[in-house]
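S.K.: sequence unknown, structure follows:
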Ligand SMILES: Nc1ncnc2c1ncn2[C@@H]1O[C@H](COP(=O)(O)OP(=O)(O)OP(=O)(O)O)[C@@H](O)[C@H]1O
């Protein structure tokens, strides 16, 4: 079986990080360590550990109820962990929630924008709402351009946008904020193939800029194409972690289906 013991590999990579010539390296942009979450009797997440270094993309796959959204919500501090730790850019979500949130951006399945405002006005609003809204209108227009929304689209009311265009505004909010880590929960659901391709191209661009990306998705083939690492979750556990380049897409599908048995 091509999957690895994720607990051991996280320990190994941490060891390398700490020992590198004795110098302290930057912490991973996203880190989960033995993260667990119970809802009453239900164990939604059970000792999940992984790291996403800067410039890397980790896709989390898994059936409905596997714990993907719970993982994302714990990392964003939207839920409190029952045990274990979650950190963004080295800031523990439990002890430095403000710092962690400052370094993180979140694009959910369906982004809530103000439909009567244009894409640019929405971006201006959310950019200021972060409390770090230093960019002016022309810079924000440039940010929208970089995520694939031209000037004409930027000035249109978002009530007239497709889902893909709304999602791009979410990416623009993350970029304008200078986020170190981008967390996405099924951002591709409902996007047509062209829109999904465009969205993934922007995510690649984010990674190339050094941003860490964690994406929960059901789109196995696109995850394989986009991500550096693939995590497969089942019953609240990370049951496999694979380097995407080490496994062909059809083999990944076979491993996924084996894990779902
Ligand atoms: N607020 C909650 N209260 C009780 N149970 C919850 C809550 N949120 C999630 N769960 C349960 O935790 C488990 C994990 O759910 P989660 O939403 O993380 O799965 P998922 O992998 O994201 O699924 P999907 O692919 O359907 O989005 C499920 O059994 C779910 O019913």
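M.R.: That came through fine. Everything numeric in this text was worked out from a predicted model, so none of it was measured.
S.K.: so what's the residue count around residue 40?
M.R.: Number of residues near residue 40 (other C-beta atoms under 10 Å) recorded here: 6. From N, CA and C alone the C-beta is placed, and that goes for glycine too.
S.K.: distance of it relative to residue 77?
M.R.: According to C-beta to C-beta, to the nearest Å, residue 40 stands 21 Å off from residue 77.
S.K.: where exactly do the strands run in the stretch 51-200 of the chain?
M.R.: Assigned by DSSP state E, counting those that start in this stretch, the strands in the stretch 51-200 of the chain fall at 57-62, 83-88, 91-92, 104-107, 181-185.
S.K.: so who does the closest residue to residue 216 other than its chain neighbours touch?
M.R.: Nearest residue to residue 216 in three dimensions, chain neighbours excluded: residue 68, at 3.7 Å (C-beta to C-beta, 6 or more residues apart in numbering). By C-beta atoms under 8 Å, 6 or more residues apart in numbering, the contact list for residue 68 reads 60-62, 185, 216, 233.
S.K.: okay, residue 68: pLDDT?
M.R.: The score at residue 68 is 97. That number is its pLDDT.
S.K.: over to residue 21?
M.R.: Residue 21 is given a pLDDT of 52.
S.K.: same question, residue 258
M.R.: Here, the pLDDT recorded for residue 258 equals 89.
S.K.: packing partners of the helix or strand containing it?
M.R.: In this structure, residue 258 sits in helix 249-260 according to DSSP states H and E. In terms of contacts (3 or more C-beta pairs under 8 Å, 6 or more residues apart in numbering; DSSP states H and E), helix 249-260 is packed against helix 220-226, strand 229-234, strand 237-243.
S.K.: can you add mean neighbour count and give those back as JSON lines?
M.R.: Formatted as JSON lines, the helices and strands packed on helix 249-260 follow (neighbours: other C-beta atoms under 10 Å):
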{"stretch": "helix 220-226", "mean neighbour count": "19"}
{"stretch": "strand 229-234", "mean neighbour count": "24"}
{"stretch": "strand 237-243", "mean neighbour count": "20"}
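S.K.: after the helix or strand bottoming out on mean pLDDT in the chain, next one along is what?
M.R.: Among the helices and strands of the chain, helix 6-19 carries the lowest confidence by mean pLDDT, DSSP states H and E, at a mean of 42. Beyond helix 6-19 in the direction of the C-terminus, DSSP H and E gives the next helix or strand as strand 30-39.
S.K.: buried ones in that next one?
M.R.: 30-33, 35-37 (16 or more other C-beta atoms under 10 Å).
S.K.: which single one of those is nearest to the ligand?
M.R.: residue 37 (7.6 Å; C-beta to the nearest ligand atom).
S.K.: partner residues bridging the closest one?
M.R.: residue 45 (DSSP bridges).
S.K.: before we move on, back to that, including distance to residue 110, could the helices and strands packed on helix 249-260 go into a markdown table?
M.R.: Converted to a markdown table, the helices and strands packed on helix 249-260 look like this (distance: least, C-beta to C-beta, whole Å):
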| stretch | distance to residue 110 |
| --- | --- |
| helix 220-226 | 18 |
| strand 229-234 | 22 |
| strand 237-243 | 26 |
